[in-house]
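[1] Model the following, please.
(chains A and B)
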Amino acid sequence: MSTINRHNYEEFFLDYHEGNLTGEQKAMVILFIESNEDLLDEFYTFKEMTLEITDTSTIEKSSLYNGPHSSNREDYFIGWIEGDLTSEEKVQTQELVNANSSFSKELELFQKTKLIPTVEVYAGKQNLRKSARVIPLLKYAVPAAAAVTFFIFLSNNLTHRNYFPQPLEVAEIKLLNLDTINTSKTEFKLNRSVLVELKPAVQKKISLKSIRRVFLSPPEPIAIEAARTIREAGKMPEIQLKQVDELIDEVAELPTILDKVIQTADEKLFGTSENLSTADPIELLVKGIERVTKREAEITRVTLEDRKKTGFKIGKFEFSRSKRI
Amino acid sequence: MTRIEYNKAVELHADNLYRFILKNIHDVEKTKDIVQDTFLKIWDKRHDVAFEKVKPYMFTTAYRTMIDLLRREKKQSRMEEADLNKLTTTHQYSDLQVILHEALDQLPEIQKAVVLLRDYEGYNYTEIGEITGLTESQVKVYIYRARKFLQKYIGNIEVLI
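    Numbers count the residues shown, from 1 in each chain, chains lettered A, B, ... in the order given. As a prediction, this is how the structure comes out:
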C-alpha cells in the first residue's frame, strides 16, 4: 500500500475502520489527519458507515436440506406408500420416523389410505360378448328401419324388385320374451311410433325354439321403396294400415298371410322353400336384415321379467308386440 | 384384436370397468350404459386396438364418456381441494375401508378417479395420465393431494372414535 495523501485517503480511512491496516499504517493515517484537519469529520463518517448486526433471526434450515425432514415428511410418507422413493430416501425416511414417534403414527395413517378393491360384478357381461357371426350393434336407426320395412314389404307380396346399392351396417337381433306368437293382431312399434299393423300373422302358437341362425345366399332384391325412403329422408316411411288390409284380402285364398309371405319369399327371394326352417315372421325379419346388410344376423332369445310385453330388439330399438283386443 | 380376444377382454375387464365407473358416479344404470357404450366402441375399433392395449383403451374411453356425462349433468365438482369441514361425525365406523370410501366420495372428481385407477387397477402415473389426459406430474400431484386428504380424514375419524 502506498503512502496516504489527499487523493487516496478514503481507502486508508476505510481500511483503518475495518482493521485492515498494520500499526505503522495506522500511525501514518493518524499523522495524516492531524496535518489535514478538514478531513477529520470524514474520517469519523467512515467509522459510522460500518453496519452492525442487529437482526438475529435465523431461517429454518431443515427445510433446505435435501431429503425428508419435518416440513416435507408427508410427501415422503406418500412417496413411501406409492413406491416413489429411492432406497436411500427410504432409509432417510425410516430414520426420520424412528427419530419421532408421532411421525410413525402419521406414516401408518398414510398406509391406511390405500384402497382395497371391492368386488363389483357387471351383470350384463353376457350381452357384451360377441358370438361368431354376430353382427355388432351399430348405427341402429337406419338398419332397424330397413329391417322392419323389409318385413313389411315381404308381407306386401314383393311386388317390386330391385337391388339395394349399398350394404348397410348392422344388427344384432334379440328376442325379448318372445316365447310364443299368439296374437290376433300384432302391432309393431319402432321407438313409440306405430309403423304397421298386420292381421293375424298366425292363428296358432308357434314355438320359436327352432329359431336358429340363418344363412343366406348372395344379395337379392329387397324392398327398394323403403330403402330409398330411408336413404333420402333418413326416417321410416309411413305405412298405411289400409295397404296391409288390402293385401290380406288379396291373398284370402291362402290360409294365412304368413303362408303367403313364406311362399313368396321362397319362390322369389330364397329360391326354394327348403331354406326356410320355420314359419316365423321373426326369422323372415332376420333374413330381411341379412339381405339388406349382406351380412349374417343372429337371434338371441332373452327372458325378461316383464312378461306382459313381448318383442325383439335390433340394437337399441325395441320392437314390442302387444296384444290388441 | 380378434373376436375371441374381445370376448376375453369382456371377461377380464368388464367388472373392473364397471366398478371404476360405479365408484365414481354411484349410479348403477348410468354405469351400465357407460360400460355398454364403451364396449360397443371397442368392438367398433377392435381392428385398431391390440388386445394387450385394450384395458387402458377401455378405461380411457369409459373415463371420457363418464366425464362427458358429468359435465352434461353439471355435477362435476368445481372444488380444487376437498373440504375437510364436510367430515361426517354422526356415524360410528368399524370398517376402515367404509370410512375411506366415504372420504373418497368427498374428493374432487379428478382426484377420486386417479386414486381409483391407482389403487384398484394398479396403474402407474403415466398410464393414469394417458387415461385421464393429465400429465404425469399432474397425476402425481392429484394423488398426493388425495392421500393427504384421506389421511387427515381417517385421522380425524380415529380421533373421534
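
[2] buried stuff in the longest helix anywhere in chain B?
    With DSSP state H setting the assignment, residue counts place helix B:136-160 as the longest helix in chain B. When neighbours are counted by 16 or more other CB atoms under 10 Å in any protein chain shown, the buried residues of helix B:136-160 are found to be B:138-140, B:142-155, B:157. Bear in mind the C-beta positions are built from the backbone N, C-alpha and C, glycine included.

[3] Repeat that for stretch B:56-64.
    Under the neighbour-count criterion of 16+ other CB under 10 Å, stretch B:56-64 has B:56-63 buried.

[4] same question, stretch A:95-103
    A:96-97, A:103.

[5] restrict the buried residues of helix B:136-160 to those near chain A?
    If you filter these for contact with chain A, counting by CB under 8 Å from any CB of the partner chain, you are left with B:140, B:143-144, B:147-148, B:150-151, B:154-155.

[6] for chain A, what are the nearby residues on chain B?
    Counting by CB under 8 Å from any CB, the positions of chain B adjacent to chain A are B:3, B:6-7, B:10-11, B:14-15, B:17-19, B:22-23, B:32, B:35-36, B:39-40, B:43-44, B:96-97, B:100-101, B:104, B:115-116, B:118-120, B:140, B:143-144, B:147-148, B:150-151, B:154-155, B:158.

[7] I'd like to know which of the residues you listed are buried.
    Neighbour counting by 16+ other CB under 10 Å classes B:3, B:6, B:10, B:14-15, B:17-19, B:22-23, B:32, B:35-36, B:39-40, B:43, B:100, B:104, B:115-116, B:118-120, B:140, B:143-144, B:147-148, B:150-151, B:154-155 among the residues of chain B next to chain A as buried.

[8] Among the residues you listed, name the ones in helices.
    Assignment to helices by DSSP H places the following of these there: B:3, B:6, B:10, B:14-15, B:17-19, B:22-23, B:32, B:35-36, B:39-40, B:43, B:100, B:104, B:115-116, B:118-119, B:140, B:143-144, B:147-148, B:150-151, B:154-155.

[9] For A:Asp84, which three-state class applies?
    What DSSP: H, G, I helix; E, B strand; the rest coil gives for A:Asp84 is coil.

[10] quick one: it and A:Ile78, what's the gap?
    Between A:Asp84 and A:Ile78 the distance is 8 Å, computed by CB to CB, to the nearest Å.

[11] Looking at these two, which one has more neighbours?
    More neighbours sit around A:Ile78 than around the other of A:Asp84 and A:Ile78, counting by other CB atoms under 10 Å in any protein chain shown; the figures are 22 against 15.

[12] Just the pLDDT at that one, thanks.
    At A:Ile78 the predicted local confidence, pLDDT, stands at 91.

[13] so it is in which element?
    A:Ile78 belongs to helix A:73-82 when assigned by DSSP states H and E.

[14] same question for whatever helix or strand comes next after that helix, mean pLDDT?
    Using DSSP H and E, the helix or strand that directly follows helix A:73-82 along the chain is helix A:87-99. With pLDDT averaged residue by residue, helix A:87-99 scores 88.

[15] Can I get helix A:87-99 as CSV, trimmed to CA atoms?
    Output in CSV follows, covering the C-alpha atoms of helix A:87-99 (Å, rounded to 0.1, in the frame of the first residue of the first chain):
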residue,chain,number,x,y,z
SER,A,87,-33.7,-46.9,-1.4
GLU,A,88,-31.7,-44.0,0.0
GLU,A,89,-34.8,-41.9,0.5
LYS,A,90,-36.5,-44.9,2.2
VAL,A,91,-33.6,-45.2,4.7
GLN,A,92,-33.7,-41.5,5.4
THR,A,93,-37.5,-41.6,5.8
GLN,A,94,-37.2,-44.5,8.2
GLU,A,95,-34.6,-42.7,10.2
LEU,A,96,-36.9,-39.7,10.4
VAL,A,97,-39.8,-41.9,11.6
ASN,A,98,-37.5,-43.6,14.1
ALA,A,99,-36.5,-40.2,15.5
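
[16] elements contacting it?
    Helix A:87-99 sits against helix A:73-82, helix A:101-112, with contacts defined as 3 or more CB pairs under 8 Å, 6 or more residues apart in numbering or on different chains; DSSP states H and E.

[17] Can you pull the domain assignment for chain B?
    Per the record's domain assignment (automatic domain parsing), chain B is made up of the domains B:1-76, B:78-161.

[18] So the closest residue to B:Val54 other than its chain neighbours versus A:Ser101, what's the distance?
    In space, and not counting its chain neighbours, B:Val54 is closest to B:Ala9: 4.7 Å by CB to CB, 6 or more residues apart in numbering or on different chains. When distance is defined by CB to CB, B:Ala9 is 49 Å away from A:Ser101.

[19] Give me the pLDDT value at residue 55.
    With no chain named, the answer covers chain A. Looking at A:Asp55, its pLDDT is 66.

[20] please go with chain B instead
    Looking at B:Lys55 specifically, the model assigns a pLDDT of 89.

[21] and it, that one's in a helix?
    Yes. Secondary structure of B:Lys55, determined by three-state DSSP: located in a helix.

[22] How many residues are close by the nearest residue to it once chain neighbours are set aside?
    Counting by CB to CB, 6+ apart, B:Lys55 lies nearest to B:His13, which is 5.3 Å off, once chain neighbours are set aside. Using other CB under 10 Å, the number of residues around B:His13 comes to 22.

[23] Could you pull up the residues touching B:His13?
    B:54-55, B:58 (CB atoms under 8 Å, 6 or more residues apart in numbering or on different chains).

[24] Which of those residues sits closest to chain A?
    B:Met58 (11.1 Å; CB to the nearest CB).

[25] separation between that closest one and B:Glu121?
    As for B:Met58, its distance to B:Glu121 is 11 Å (criterion: CB to CB).

[26] quick one: the closest residue to B:Phe51 other than its chain neighbours from A:Arg129, how far?
    Ranked by CB to CB, 6+ apart and with sequence neighbours excluded, the top spatial neighbour of B:Phe51 is B:Glu5, at 4.1 Å. The span separating B:Glu5 from A:Arg129 equals 12 Å under the rule CB to CB.

[27] All set, thanks.
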